[in-house]
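Trainee: how does the following fold in three dimensions:
(one chain, ligands or ions: 2)
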Amino acid sequence: MAEYKKPKTKAEFDKNFKQKKPLMNDTEAFYEASRCLFCYDAPCIQACPTSIDIPLFIKQIHTDNITGASKTIFDSNWLGNACGVVCPTGVLCEGACVYNHQDVPPIQIGRLQNYATNKTIDAEKVIFKVGESNGKKIAIIGAGPAGIACACEARTLGYDVDIYEAKDKPSGLTVYGIAPYKITNEEVLKEVDYLQKQLSFNIKYNNAINSKEELAALETNYDAIFIGVGLGVTRHLGMDGEDKEGVVGAVEFIEELRMKQHEIKVPAKVVVLGGGNTAMDAASEAARMGARKTVLAYRNSKQKMGAYGFEYDLAISAGVDSLFNVTPIAITGNGKVEGVKFAKTEMVDGKLQTNMNNTFIVRCDMVIKATGQAKQGHLYAMIDDLDLDNKTRIKINDEFQTSNPKYFAGGDAVNGGAEVVNAAYDGKMAAQGIHNWLNK
Ligand SMILES: Cc1cc2nc3c(=O)[nH]c(=O)nc-3n(C[C@H](O)[C@H](O)[C@H](O)COP(=O)(O)OP(=O)(O)OC[C@H]3O[C@@H](n4cnc5c(N)ncnc54)[C@H](O)[C@@H]3O)c2cc1C
Ligand code: SF4
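Mentor: Numbers count the residues shown, from 1 in each chain. Ligands and ions are numbered 1, 2, ... in the order given. Here you go, the predicted structure:
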């Protein structure tokens, strides 16, 4: 079990958040590529949401055709570099590798993908071509993975593209949310810069679309609009004491951590509420920021947690303790958080019940709520005839078109929260959907 010292410098921060999938060197990549069996009907391709031709790019790496390998990757996935290190490969491509059936470690597909694209990006190789202008314009709301992928694909099809982004950086949660031990800010931004230089789409930063008037202007000035706004802020729990100083939402905590790194202070004792991947990340990050005790508290059993097993193991290996079958009922403290009052939960007739006769307090100086993000319903409500499902997700058809034909959508706003690779796929396919619709 690791114990982390509070990082005081960038170098100490980088040490505590050492990359889980470091960049391969040429020799490692060559040997790893030589292990591929080039399966017929490769199961890894089926398991990749963007269907990258994995055996082909691995062969290209093996024959030192790195630019060709990158082209193969980006042709399917515009965020191919980031995905190589942030994808949960164990449940996607690498989880499907036939070596798993032979008790042999699967091919490190993600790291190979990251190796090839990194080299091509660093060498500033020009591998994309803007399509001949068709005189039409697309507006994209949100410069996250879905929005960026949509922009890239639309540029290759000859559209002018403007992205309207609320924040001052591109790539959404890839830079603001994903754990720093998976990818650095520099690497995320480098990929978008590389794409933008070749495909020249505009990003209008600090430009949130928040009013009916702004939407009306987009509708007038553009032929189609793509909604790639992801999810919103951490949901309010409505619990006693939730407004005390020291109670923060997980996405807000992680965003500050990613932007300010060693400059943020995490106190000695932290409680993280939740059982999903975001809770695991937040707990692991608090421990790596030098919290002496980080406790992860989940209302159900370990088996019922939504998080991937490997994300839980990672948090535990960072020194995080866990409490199962407990539910928070109040945050205690005089203005500032001093603890969380929990009640035990138990399954009664297949239903999770709270036992108010069995309560206890865990002392802490900070509470991180990783209990889900709100949806962007306020924005959707301003768009005429936009159908949502009962979870406030935007409904789309096979072409990624919404019930208001001018609007297309993808990424977390549609799937309710998945992975970067899903958003990248959606953005690409939505651009093709827009193209098909405008050329009917
Ligand atoms: C804590 C955390 C950790 C994660 N870890 C991983 C991981 O390890 N691997 C992985 O693959 N996935 C991970 N994910 C999921 C992944 O980040 C998302 O699935 C992906 O970023 C979704 O892309 P998106 O483009 O749909 O939305 P987002 O990435 O959320 O991007 C939406 C963009 O729209 C902008 N925006 C929002 N509203 C407006 C508006 N009104 N006007 C203009 N702009 C607006 C936002 O500022 C943002 O830039 C994680 C998510 C979280 C929360
Ligand atoms: S995009 Fe992700 S799932 Fe697809 S091959 Fe690359 S690492 Fe695997």
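
Trainee: how about the strands in the stretch 101-250 of the chain?
Mentor: For the stretch 101-250 of the chain, the strands defined by DSSP state E, counting those that start in this stretch cover 137-141, 160-164, 202-204, 224-227, 247-249.

Trainee: residues of the third one that come out buried?
Mentor: Right, strand 202-204. For strand 202-204, the neighbour count (16 or more other Cβ atoms under 10 Å) marks Ile203 as buried. Glycine gets a C-beta too; all of them are placed from N, C-alpha and C.

Trainee: may I have the strands that pair with it, each with its orientation?
Mentor: strand 160-164 (parallel) (DSSP bridges).

Trainee: most packed of the strands of the stretch 101-250 of the chain?
Mentor: Mean neighbours per residue, mean count of other Cβ atoms under 10 Å, is largest over these for strand 224-227, with a mean of 28.

Trainee: thinking again about what came up before, want to throw the strands of the stretch 101-250 of the chain into a markdown table with mean pLDDT and distance to ligand 2?
Mentor: Output for those, formatted as a markdown table (pLDDT from 0 to 100; distance: least, Cβ to the nearest ligand atom, whole Å):
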| stretch | mean pLDDT | distance to ligand 2 |
| --- | --- | --- |
| strand 137-141 | 98 | 21 |
| strand 160-164 | 98 | 22 |
| strand 202-204 | 98 | 23 |
| strand 224-227 | 98 | 21 |
| strand 247-249 | 98 | 28 |
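
Trainee: how many neighbours does Ile368 have?
Mentor: Using other Cβ atoms under 10 Å, Ile368 has 30 neighbouring residues.

Trainee: from ligand 1, how far off is the closest residue to Gly147 other than its chain neighbours?
Mentor: Of all residues not flanking Gly147 in the chain, Gly228 sits nearest, at 3.6 Å (Cβ to Cβ, 6 or more residues apart in numbering). Using Cβ to the nearest ligand atom, to the nearest Å, Gly228 is found at 5 Å from ligand 1.

Trainee: so Gly228 versus Pro55, what's the distance?
Mentor: Per Cβ to Cβ, to the nearest Å, Gly228 is found 31 Å from Pro55.

Trainee: ok, those two, which is more surrounded?
Mentor: Gly228 (30 against 19).

Trainee: quick one on the thing from earlier: looking at the strands of the stretch 101-250 of the chain, which is closest to Ile127?
Mentor: Closest to Ile127 of the strands of the stretch 101-250 of the chain, according to Cβ to Cβ: strand 160-164, at 18.8 Å.

Trainee: which of the three states applies to the residue of the stretch 251-400 of the chain found nearest ligand 1?
Mentor: Closest contact between the stretch 251-400 of the chain and ligand 1, by Cβ to the nearest ligand atom, is at Thr278 (4.1 Å). Using DSSP: H, G, I helix; E, B strand; the rest coil, the structure places Thr278 in helix.

Trainee: wait, the residue nearest to Gly147 sits on Gly410?
Mentor: Yes - at 6.0 Å, Gly228 and Gly410 qualify as touching, with contact defined as Cβ atoms under 8 Å.

Trainee: joint contacts of those two?
Mentor: Both Gly228 and Gly410 are contacted by Ala146, Cys150, Ala423, Asp426, Gly427, under the criterion Cβ atoms under 8 Å, 6 or more residues apart in numbering.

Trainee: mind picking the two most distant members of those?
Mentor: Cys150 and Ala423 (9.6 Å).

Trainee: more neighbours, those two?
Mentor: Taking other Cβ under 10 Å, Cys150 and Ala423 do not tie; Cys150 has more neighbours (38 against 32).

Trainee: mind checking how far Asp64 is from Asp53?
Mentor: 18 Å.

Trainee: quick one: which of those two has more around it?
Mentor: Set side by side, Asp64 and Asp53 show more neighbours around Asp53, with 17 against 13, by other Cβ under 10 Å.

Trainee: that one against Ile45, yeah?
Mentor: Yes - assessed by Cβ under 8 Å, Asp53 is found in contact with Ile45 at 6.4 Å.

Trainee: can you give me the buried ones in stretch 202-222?
Mentor: Ile203, Asn207, Ile209, Leu215, Leu218, Glu219, Tyr222.

Trainee: correction: the previous question concerned stretch 31-47.
Mentor: Under the neighbour-count criterion of 16+ other Cβ under 10 Å, stretch 31-47 has Glu32, Ala33, Arg35, Cys36, Ala42, Pro43, Cys44, Ile45, Ala47 buried.

Trainee: between the residues you listed, which is nearest ligand 1?
Mentor: Using Cβ to the nearest ligand atom, the buried residues of stretch 31-47 come closest to ligand 1 at Ala47, 14.1 Å.

Trainee: grab the nearest non-local neighbour of the closest one.
Mentor: Of all residues not flanking Ala47 in the chain, Ala96 sits nearest, at 3.7 Å (Cβ to Cβ, 6+ apart).

Trainee: could you measure from the residue in the stretch 201-350 of the chain that ligand 2 sits nearest to over to Ile368?
Mentor: For the stretch 201-350 of the chain and ligand 2, the shortest gap (Cβ to the nearest ligand atom) falls at Tyr308, measuring 13.7 Å. Remark: distance between Tyr308 and Ile368 (Cβ to Cβ) = 19 Å.

Trainee: for the longest strand along the chain, C-alpha coordinates in CSV please.
Mentor: The longest strand of the chain (DSSP state E) is strand 351-363. Provided in CSV are the C-alpha atoms of strand 351-363 (Å, rounded to 0.1, in the frame of the first residue of the first chain):
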residue,chain,number,x,y,z
LYS,A,351,-34.6,-4.0,-1.2
LEU,A,352,-31.8,-1.9,0.3
GLN,A,353,-33.0,-0.5,3.7
THR,A,354,-31.4,2.1,5.9
ASN,A,355,-31.2,1.1,9.6
MET,A,356,-31.5,4.3,11.5
ASN,A,357,-30.8,2.4,14.8
ASN,A,358,-27.3,1.7,13.6
THR,A,359,-25.5,5.0,13.0
PHE,A,360,-22.0,6.2,13.5
ILE,A,361,-19.8,9.2,12.6
VAL,A,362,-16.6,9.2,10.5
ARG,A,363,-14.5,12.2,11.4
